[in-house]
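> Structure for this input, please:
(2 chains)
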Amino acid sequence: KQEVTQIPAALSVPEGENLVLNCSFTDSAIYNLQWFRQDPGKGLTSLLLIQSSQREQTSGRLNASLDKSSGRSTLYIAASQPGDSATYLCAVPSTGANSKLTFGKGITLSVRP
Amino acid sequence: GAGVSQTPSNKVTEKGKYVELRCDPISGHTALYWYRQSLGQGPEFLIYFQGTGAADDSGLPNDRFFAVRPEGSVSTLKIQRTERGDSAVYLCASSPQRNSPLHFGNGTRLTVT
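Residues are numbered from 1 along each chain as shown, chains lettered A, B, ... in the order given. Below is the predicted model:
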C-alpha cells in the first residue's frame, strides 16, 4: 500500500527566503507526482505535475523535482512571499491504479512579512 | 471558464438523516473524483467515475455511501443514515483524462450533529 509522508507538518519563514518542502513515498512504481496548494476553507489547486519520466518541473518561482528510485520529491519555492502562505500537499497515484491519488498530510507554510 | 462547483458549501444534518452532495465538474471533463478530507489530514479517495460509470469505488467506507453520475457530467454523493464520524469536507475533482492534473472544487463541509 502506497504511503506518502510530508515532514515537517508546519513551517514558518521570513519573507524572501528560498525554501524546500519535502515529500516521500514508499512505492517507487508511480506514474506521476503532483504538488497541490490548499488555502483555508478552499479546495486544492494543482501547482505542478511531474511525469515519472521527468526529473523536474518549473512554474514561475516554483520548481518540483522527482527522484523515483529514492521515493522522494521536493518543492522549491524561491523568494517566498506572504501570499505563499498555505498548506502544500503532494500526491501520487496508488500502486496499480493511476486513477486515485494518495495524499500526504501536507505542510502548512507561513511566510512572515 | 467556470471551475468545479460543489453545492451546498455547508451542510448540517442530524445523525441518522440522509444527505446528498452535488458536484458540477468542468465542462468536457470525463473523469470525476470524490475525496473526503478530515481536519489536519490529506484528502482520502472515495470513488472515481470515467464517464457515467464508476471505474473505482474502492474508497467508499461502507454501503451507506453511494454516488451516481447518470449523464456523465453532474455527480451526486449520497449518504444514508449519517453518523457523526461522517463529518468532514467532501471534495470533488475533475480532469480531462487520466494522468492529467486534477481540478478541485471548494468542497462541501458536512457536519453531523
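> Chain neighbours aside, what residue packs nearest to the residue of chain A at minimum distance from chain B?
Proximity of chain A to chain B (Cβ to the nearest Cβ) peaks at residue A:103, 3.0 Å away. C-beta here means a position set from N, CA and C on the backbone, and glycine is covered the same way. Distances taken as Cβ to Cβ, 6 or more residues apart in numbering or on different chains place residue B:42 nearest to residue A:103, at 3.0 Å, with adjacent residues excluded.
> ok, back up a step: which residues does the residue of chain A closest to chain B contact?
A:4, A:89-91, B:42-44 (Cβ atoms under 8 Å, 6 or more residues apart in numbering or on different chains).
> Show me the two of those residues that sit farthest apart.
A:90 and B:44 (14.9 Å; Cβ to Cβ).
> These two: which is more packed in?
residue A:90 (30 against 18; other Cβ atoms under 10 Å in any protein chain shown).
> Now the buried members of the contacts of residue A:103.
A:4, A:89-91, B:42-44 (16 or more other Cβ atoms under 10 Å in any protein chain shown).
> Now tabulate the residues you listed in JSON lines and tack on pLDDT.
Output for the buried ones among the contacts of residue A:103, formatted as JSON lines (pLDDT from 0 to 100):
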{"residue": "A:4", "pLDDT": "96"}
{"residue": "A:89", "pLDDT": "98"}
{"residue": "A:90", "pLDDT": "97"}
{"residue": "A:91", "pLDDT": "95"}
{"residue": "B:42", "pLDDT": "94"}
{"residue": "B:43", "pLDDT": "96"}
{"residue": "B:44", "pLDDT": "96"}
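> With that, I have no additional questions.
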